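[1] the following block contains a protein sequence and its predicted model.
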Amino acid sequence: MSEKFAIETHDLTKRYDGTTVVDRLNLRVRENEVFGLLGPNGAGKTTTILMLLGLTEPAAGTARVYGFNPTREPLKVKRLVGYLPERVGFYENLTARENLRFIADLNGLSYEEANRRIDEVLEMVGLTEAEIMEKVGPSKREKTVGKFSRGMKQRLGIADVLLKRPKLVFLDEPTAGLDPKGINQLLDLIADLPKMGTTVVLCSHQLYQVQRVCHSIGILSRGKMVIEGSIDKLGREALAGGRYQIQVETTAPTPQLVNVIREVKGVLGVEVQENVLLVSTDTDLRAEISKVVVQNDFPLIQMKIQEFSLDDIYMKYFREEQVGS
């Protein structure tokens, strides 16, 4: 069965005043996955999103969102897509429910369907009537969005995006302003969206959050895609082929010891750095490796294990791109 893609671009390019901000971008995001779009400020992430939304035209190349061309068929794309910018805006003199009612009217929802969906999304993001009263007060005036904290507004922004039950959502720094509990709740919600039939493109500087919920990532730098792929695959490449790197410190390791460790079942590679052996594995083999070291009459001074993190992937490929530029 062939893979289906929510987003496909081919050599997508955007220039402003002669400066190329997105440079021949080739990107594919599978349906019903959470895709992390990463890169430093100015890398071209927001411009890419705006082109995919049909809000700005590319200088060259093509894009498809669920088979539709955002430039030529922007209304068809907008019916399928939700977008949460880094800074969300609402009518601050209205309540959360009144703001969502306005959005529901714009999307042509009936009164009964709008009420059902508003109840649903407010509960999903933790902004039920009782939760709002607990945070800001019981009166209608106190419950207007102008009295909300930034984190509450961020939650309302998520509710806004989900109201029309989009097939694809773009979330730009969605956890900004949230406390740790709110961050965990929102990440759980994002992780569940593909199960509801919604593909997610997540832009975030918080790499640990991306690693927690994303299936695949793409790293942009200076408008170019540096690397794209599944987090597991890229993580193995970042740690020389394995999910774990076990650091074994001993005294003057010999080639014979290195060969013996390489023969341990599950070891993918061994690198020598003075008195430290860097052993790449897919499982935790500390017990087996320590046994081999001691049996070969080498002192086991210290042993550490490191599971790959998205920081390893990001720094490896971003650094390589910088050096090569």
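    It's in. Numbers count the residues shown, from 1 in each chain.

[2] just checking, next helix/strand downstream of the helix or strand hosting E120?
    Following DSSP states H and E, one finds E120 within helix 111-124. Next helix or strand after helix 111-124 toward the C-terminus (DSSP H and E): helix 129-136.

[3] can you name the residues in contact with that following helix?
    A96, E142, K143, K147, F148, S149, M152 (CB atoms under 8 Å, 6 or more residues apart in numbering). Any C-beta I mention is one placed from the backbone N, CA and C, and that applies to glycine too.

[4] and the least confident of those?
    Within the set of these, pLDDT is lowest for E142 (72).

[5] quick one: pLDDT of the closest residue to that one other than its chain neighbours?
    Spatial nearest neighbour of E142, excluding adjacent residues (CB to CB, 6 or more residues apart in numbering): V136 at 5.1 Å. pLDDT recorded at V136 is 77.

[6] so among the contacts of helix 129-136, which ones count as buried?
    A96, K143, K147, F148, M152 (16 or more other CB atoms under 10 Å).

[7] measure the fourth one to F90 for me?
    Going back to what we said before, that points to F148. 8 Å (CB to CB, to the nearest Å).

[8] what is in contact with these two at once?
    Common neighbours of F148 and F90 (CB under 8 Å, 6+ apart) are L156.

[9] element containing G61, please.
    Per DSSP H and E: strand 60-65 holds G61.

[10] which helices and strands does that strand pack with?
    strand 5-16, strand 19-30, helix 45-52 (3 or more CB pairs under 8 Å, 6 or more residues apart in numbering; DSSP states H and E).

[11] of all those, which lies closest to D297?
    Nearest to D297, of all these, is strand 19-30, at 51.4 Å by CB to CB.

[12] which SSE is immediately downstream of that closest one?
    Trace forward from strand 19-30 with DSSP H and E and the next one is strand 34-38.

[13] what is the rounded mean pLDDT of that next one?
    Mean predicted confidence for strand 34-38 is 94.

[14] contact partners of that strand?
    Contacts of strand 34-38 (CB under 8 Å, 6+ apart): 29, 45, 48-49, 190-191, 193-194, 199-204, 207, 210, 213-220, 231, 310, 314.

[15] mind listing what that strand pairs with, with the direction of each?
    With DSSP bridges as the test, strand 34-38 is paired with strand 199-203 (parallel), strand 216-221 (parallel).

[16] quick one: which of those strands has the weakest pLDDT on average?
    Taking the mean pLDDT of these, strand 216-221 comes last: a mean of 90.

[17] okay, now the sheet partners of the helix or strand just after that strand, with direction.
    Once the chain leaves strand 216-221, the next helix or strand it forms, by DSSP H and E, is strand 224-230. Within its sheet, and counting by DSSP bridges, strand 224-230 is paired with strand 216-221 (antiparallel).

[18] mind listing what's buried along stretch 256-276?
    Result for stretch 256-276 [16+ other CB under 10 Å]: buried residues L257, V260, I261, V267, L268, V270, V276.

[19] among the residues you listed, show me the least confident.
    Ranking these by pLDDT puts L268 at the bottom, with 88.

[20] quickly list what the residue nearest the centre of the chain is bridged to.
    Centroid-nearest residue in the chain, with CA atoms, centre = their mean: G36, separated by 2.9 Å. Beta-bridge partners for G36, by DSSP bridges, are L202, I217.

[21] how much space between it and I231?
    From G36 to I231 the distance is 8 Å (CB to CB).

[22] low pLDDT regions in the chain?
    1-2, 140-141, 235-242, 307-309, 312, 316-325 (pLDDT under 70).

[23] I'd say I231 and R243 touch.
    No. Between I231 and R243 there is no contact under CB atoms under 8 Å: 10.6 Å.

[24] F102: what secondary structure?
    helix (DSSP: H, G, I helix; E, B strand; the rest coil).

[25] so it sits against T95, correct?
    No. With contacts defined as CB under 8 Å, F102 does not count as touching T95, sitting 10.8 Å away.

[26] so which of those two has more stuff around it?
    Here F102 and T95 are compared on neighbour count by other CB atoms under 10 Å; more neighbours surround T95, at 21 against 14.

[27] got the phi and psi for T254?
    Here is the backbone geometry of T254 (degrees, to the nearest 10): phi -90, psi 160.

[28] that one - how many residues pack around it?
    Neighbours of T254 (other CB under 10 Å): 12.
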